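> Model the following, please.
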Amino acid sequence: MLMRNPNARQLASKGLGALVGLLIALLTISPSSRADTLPEQSSHAAGTIAMRFEPIKVGGRNLYYLCRGRGSPTVIAEGGPGFSFSQAFARPEPNGWQIVFLKVIARTRMCVYDRANVGLSDKAPIPRTVLDAVKDLHLLIHNAKIQSPLVLVGQSAGGLNVRLYASRYPDEVAGMVLIDSSHPDQNIKFKAALPPESPGEWWELPGLRNGPPVSFSSEGLDLPASNAQVRAAVSLGDLPLIVLTHDPHWSGDPGTPVELQPILEGVWQPLQRNLLTLSKNSRQIVADGAGHAIQFYNPQLVVDSIFEVMSKTR
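Down below sits the predicted model:
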């Protein structure tokens, strides 16, 4: 089932456009992956909630996480490639994930964390895979005594992580929200849809045609292996699932050649609809006026989607 969100508003002067977001999801590059600029600890007071991330041992390494709120199910969020929640929460200005977090913890418990090689968390050998990240999260949940059932929220490449987690640990997961999630077939589809090489072509095209074997983000993901892992994941059965998708008419990225925009959207939008087949209990919401980082353009839509999935788990 597909619905359009009537409340989203265009924010053309802020953030990344949807098509830039597609490139980030494909090549896994993130400006928030600069772990070398971080202090030893990060804390931030947003409203009355102290945003202090704590270390937890996972396989001999520290991952930094934050849990607040009370209630069940527990919501766990996964950001995009190289995304650091500790960095995002340390910023003084309100931002998408902060807003989502504060609204969700008013009703139930929510946890966020920095994956290995990201933000405050320790380094891990690279290349890594999505399965490595999933195993880390499972140990974090166990060692930090985070209570299931879980509602998993995955944005961009984080959607691959939550898909694989739900496949491997189905007894722990009660629902899922995918926020303009990456798809394991997108590299193949982009390469097939793009025009052949030509002199003076747009500088992003070579990367889109020939995605790197190891991601450019600090996570250092083996992309072919990771995509294969997610592609092999089992069905989610009737798990409550909401697929949030950016506006296909979004024009917030003036750098993308006009003639390529319909080609890129012609790959991305069908793959978003394909995500509905993961569960028999799924629906899609297209976020009008929103780019790839829907939690930035319309955090309330993300919150409402989380609460809707929660209502179906009880």
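
> For the rest of this, base every contact and every neighbour count on C-alpha atoms.
Noted.

> who's in contact with residue 230?
Residues in contact with residue 230 (CA atoms under 8 Å, 6 or more residues apart in numbering) are 130, 160, 163, 164, 184.

> Mind checking which of the residues you listed are buried?
Taking 16 or more other CA atoms under 10 Å as the criterion, what is buried in these is 130, 160, 163, 164, 184.

> can you pull out the helices in this protein?
Under the criterion DSSP state H, the chain carries helices at the ranges 18-27, 85-90, 96-104, 130-143, 158-168, 186-193, 205-209, 223-231, 261-274, 294-297, 299-313.

> and the ones you listed, which one is worst for confidence?
With a mean of 45, helix 18-27 has the lowest mean pLDDT of the helices of the chain.

> from memory residue 53 sits against residue 63, does it?
No. Counting by CA atoms under 8 Å, residue 53 stays clear of residue 63, with 9.4 Å between them.

> Looking at those two, which is more packed in?
residue 63 (26 against 23; other CA atoms under 10 Å).

> so who does the residue lying closest to that one once chain neighbours are set aside touch?
Spatial nearest neighbour of residue 63, excluding adjacent residues (CA to CA, 6 or more residues apart in numbering): residue 121 at 4.5 Å. Residues counted as contacts of residue 121 (CA under 8 Å, 6+ apart) are 55, 62, 63, 64, 114, 115.

> try residue 263
By CA under 8 Å, 6+ apart, the neighbours of residue 263 are 193, 194.

> change the start of the numbering to 59 and stick with it
Taking 59 as the first residue, the last one we looked at is residue 321.

> do you know how far it is from residue 263?
Counting by CA to CA, to the nearest Å, the separation of residue 321 from residue 263 is 12 Å.

> so what sits against both of those two?
residue 252.

> Which residues are in contact with each of residue 111 and residue 121?
By CA under 8 Å, 6+ apart, the residues touching both residue 111 and residue 121 are residue 171.

> quick one: which of the contacts of residue 179 is nearest residue 197?
residue 121 (10.1 Å; CA to CA).

> So, low pLDDT: which residues of the stretch 59-208 of the chain?
Within the stretch 59-208 of the chain, the stretches with pLDDT under 70 are 59-108.

> can you pull out the strands in it?
60-63, 103-104, 107-108, 112-116, 119-126, 132-136, 168-171, 208-213 (DSSP state E, counting those that start in this stretch).
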